[in-house]
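1. Based on what follows, work out the 3D shape:
(one chain, ligands or ions: 1)
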Amino acid sequence: MKGFKLKQNVKRRRAVTNPIERANRKDDETFTKEHLCPSSSTWAEWINPKTQDKFSLSLTGSGKLSNEDLDACFRLVEETSRADYESSSVGWKPSKKITEMKSPELRYILVKDITGAVRGFTSLMPTYEEGEPVVYCYEIHLKPELQGTGLGRTLMEFLESVAINTPPIEKVMLTCFLSNQKAFAFYKKLGFEKDEISPEPRKLRFGKEFIPDYVIMSKIVKKQQPAPAKDGSSIGRVLAREIEHINPTRTIPEAITKVLSGRQSTTTVVAETDGDSAQTLSGGAIAGIVIGSIAGRITRSRRLHTTTALRDIPEKRMATGHAPVILIIIIVRAVHRS
Ligand SMILES: CC(C)(COP(=O)(O)OP(=O)(O)OC[C@H]1O[C@@H](n2cnc3c(N)ncnc32)[C@H](O)[C@@H]1OP(=O)(O)O)[C@@H](O)C(=O)NCCC(=O)NCCS
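-> Next comes the predicted model:
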């Protein structure tokens, strides 16, 4: 009976096909080799350029973090950022913070001095944020004497390395209190920008207003490869080819180019000049472009949000991807002929 049950369990165990989940299940040594710095074996040491003091770097999953190291990390957060938490709507809640710091898939890069004491750390997690695969930076904190030494940049580059080496991730993402202007300037210097999912101020009921006290920032570390014509971004390219046949010669209004630019890919419509005879795109052609772009965005967004649900039936995705292409080409050609 026991043996039978065991067999049943083995049979039912789900194969891990999700690349993020697969990465998160790896032990620290494998994760370091395959996702953090596959081509470097000297990453584990950092020398303070100001004092020449040596520090060790190590990667540890939250489950393997000693109580002493976890406590040291927590104290560091408290030392550098308690005031920011207290002045925010989140508030400073130590037990909630510690629970978050123990999140199972969180990994820490610890910076320790020669006595083994934690002097800085960052914590990261490959995850999905609103359907998009990202490396989320949960924390980055350095003791005051190590700030301004280039260590922050070094640690953030490791997160970028994880993003680059964990397809399909293309972004590092983080949250920064707006009150922490120094950190905000640091992230900007590193190339982070406000992400499109960052909350905006909005009107609430009874004349109240929601004004966010934090910003979600991100940095794209790897451009998406052009895919064959089965997703939204390719629809844009097919449309651009069709439009070239119409030979448009007018600059497309900014409002329309905004709609044309996809979430992470940009469709450039080349407008050629034909001597002095400036022609214009007809309203119908512009409508065709806009419809095409919107359809592209919809199919792309559907693809993003159904990565998990549809991953076993690619035919279904192909079918939904091709229909709008055909429809849009028909519209553009009809407009051209008219
Ligand atoms: C934020 C923090 C991690 C940055 O690390 P750091 O080691 O001080 O920063 P670096 O020395 O690596 O700076 C990297 C670049 O950012 C720039 N930079 C850093 N702080 C800056 C600031 N306040 N304004 C403008 N530029 C800044 C540096 O000039 C440097 O540019 P360069 O490489 O072109 O010379 C660190 O200061 C810290 O631990 N602060 C307290 C904790 C904290 O606020 N954490 C963030 C929570 S969201």
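2. For the protein, give me the ranges with low pLDDT.
-> Low-confidence segments of the chain, defined by pLDDT under 70: 1-14, 223-338.
3. which stretches of it form strands?
-> Taking DSSP state E as the test, the strands found in the chain are 45-47, 54-61, 107-112, 118-129, 132-142, 171-177, 193-194, 202-203, 209-210, 214-220.
4. Of all these, which one comes closest to the ligand?
-> Proximity to the ligand (CB to the nearest ligand atom) singles out strand 132-142 among these, at 3.6 Å. For every residue, glycine as well, the C-beta is placed using N, CA and C.
5. Report the angle between that closest one and strand 118-129.
-> Angle of strand 132-142 versus strand 118-129, following axes from the mean of the first three to the mean of the last three CA atoms, to 10 degrees, is 170 degrees.
6. angle of strand 132-142 against strand 214-220?
-> Strand 132-142 runs at 110 degrees relative to strand 214-220, counting by the same axes, to 10 degrees.
7. Could you work out the end-to-end span of stretch 44-53 for me?
-> 14 Å (CA to CA, to the nearest Å).
8. tell me which residues in it are buried?
-> 46, 48 (16 or more other CB atoms under 10 Å).
9. How about that stretch and the ligand, touching?
-> No: Stretch 44-53 stays clear of the ligand (CB under 6 Å from any ligand atom), getting no nearer than 9.6 Å.
10. Other residues contacting that stretch?
-> Identification of contacts with stretch 44-53 by CB atoms under 8 Å, 6 or more residues apart in numbering yields 54-58, 111, 113-114, 146, 149-151, 154.
11. if you set the cut-off to 10 Å instead, what comes out?
-> With CB atoms under 10 Å, 6 or more residues apart in numbering as the test, stretch 44-53 has contacts from 32, 37, 54-59, 111-114, 119-120, 145-146, 148-151, 154-155.
12. Who does Lys171 form a beta bridge with?
-> Residues in a beta bridge with Lys171, per DSSP bridges, are Val134, Ile220.
13. which residues does whichever residue of the chain sits closest to the ligand contact?
-> Nearest residue of the chain to the ligand (CB to the nearest ligand atom) works out as Gly152 at 2.0 Å. Neighbour list for Gly152: 120, 122, 140-142, 146, 183, 186-187, 189-190 [criterion: CB under 10 Å, 6+ apart].
14. For the protein, what lies in contact range of the ligand?
-> Contacts of the chain with the ligand, taken as CB under 6 Å from any ligand atom, map to 80-81, 140-142, 147-153, 176, 180, 182-183, 185-186, 189.
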